[in-house]
Structure formats: structure tokens, C-alpha cells
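Asks: pasting the sequence and the predicted coordinates here, then a few questions.
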Amino acid sequence: MAQSDTRTRIKPAEDFKEPPMYRVVYLNDNQTTYEFVVETLIDYFDYTADTAHTITSDIHDAGSACVAVLPYEIAEQKGIEVTMQARAQNYPLQIRVEPEGAV
């Protein structure tokens with residue numbers, strides 16, 4: 001059998017969309033310690049100690065604060081990991097993951 005000289009060219013799709021972004025929001029409560037929140041911001045979101053302290057103050061003062069904007073899967077995973085860490089230490093820290101455009 002002879003091999004055909006015909007080659008098929010595949011045109012790559014060029015209409016890629018950026019994944020939708022989601023906000024990770026920490027909610028303030030009266031039992032989760034300031035130090036624990038700072039620690040999670042450093043450990044899970046790679047903030048410096050100074051930035052983590054500033055964000056933690058914002059959470060305390062405003063009642064909640066967005067700590068990161070990430071693609072959904074990453075935002076959800078980080079939210080779950082921090083929640084599990086909080087529960088392991090008996091803290092009721094609440095974390096929401098919401099679309100970036102949400103108010």
C-alpha cells in the first residue's frame with residue numbers, strides 16, 4: 001500500500017477565554033484569633049507578615065474582606081483548606097467564595 005501525500009492541517013483554536021475569577025472572602029467572628037487569621041494568610045496566600053496584619057485588621061474592622069481573587073478551582077480549594085485548618089483548631093472562621101463581580 002502506498003502512503004498518501006495528503007496532510008491534514010489542524011488549525012488551533014484561537015478564541016481562548018480567561019477563566020472566571022472568584023473572590024475569597026474571610027468573615028469576622030468573635031472566636032477566631034487574630035493570630036490564626038494572620039497565619040492562614042501567610043501560609044495559604046503567601047502574604048508577608050505586614051500585609052497579612054493589614055488584611056486581618058480590615059477583616060476585623062469591616063466584618064469581612066476579600067483576601068484573594070483567583071480562578072474558581074483554586075479559590076475553592078484554598079477556602080476548603082483554610083476552613084479545615086480552622087475546624088481542626090476549633091475556630092468557626094467562615095470563608096465565602098464568590099464571583100469577582102459580586103457585591
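Replies: Looks like it came in fine. No experiment lies behind these values; they were computed from the predicted model shown.
Asks: how near is the residue nearest in space to the middle of the chain to H53?
Replies: In the chain, the C-alpha nearest the mean C-alpha coordinate belongs to A75, at 2.9 Å (Cα atoms, centre = their mean). Distance, A75 to H53, using Cβ to Cβ, to the nearest Å: 22 Å. For every residue, glycine as well, the C-beta is placed using N, CA and C.
Asks: how far is stretch 89-100 from where the chain is centred?
Replies: Mean-position distance between stretch 89-100 and its chain equals 10 Å (Cα atoms, centre = their mean, to the nearest Å).
Asks: what's that stretch in contact with?
Replies: 20-27, 29, 31-33, 36-37, 40, 64, 69, 72, 75-76, 79, 82-83, 86 (Cβ atoms under 8 Å, 6 or more residues apart in numbering).
Asks: which of these fall in strands?
Replies: M21, Y22, R23, V24, V25, Y26, L27, S64, V69 (DSSP state E).
Asks: farthest-separated two in these?
Replies: Distance extremes for the ones in strands among the contacts of stretch 89-100: the farthest pair is M21 and L27 at 19.7 Å, using Cβ to Cβ.
Asks: name the residues of the longest helix seen in the chain that come out as buried.
Replies: In the chain, assigned by DSSP state H, the helix with the most residues is helix 72-88. Across helix 72-88, burial judged by 16 or more other Cβ atoms under 10 Å covers A75, K78, G79, V82, T83, Q85, A86.
Asks: wait, the last one touches T33, no?
Replies: Going back to what we said before, that points to A86. No - judged on Cβ atoms under 8 Å, A86 makes no contact with T33 at a distance of 10.2 Å.
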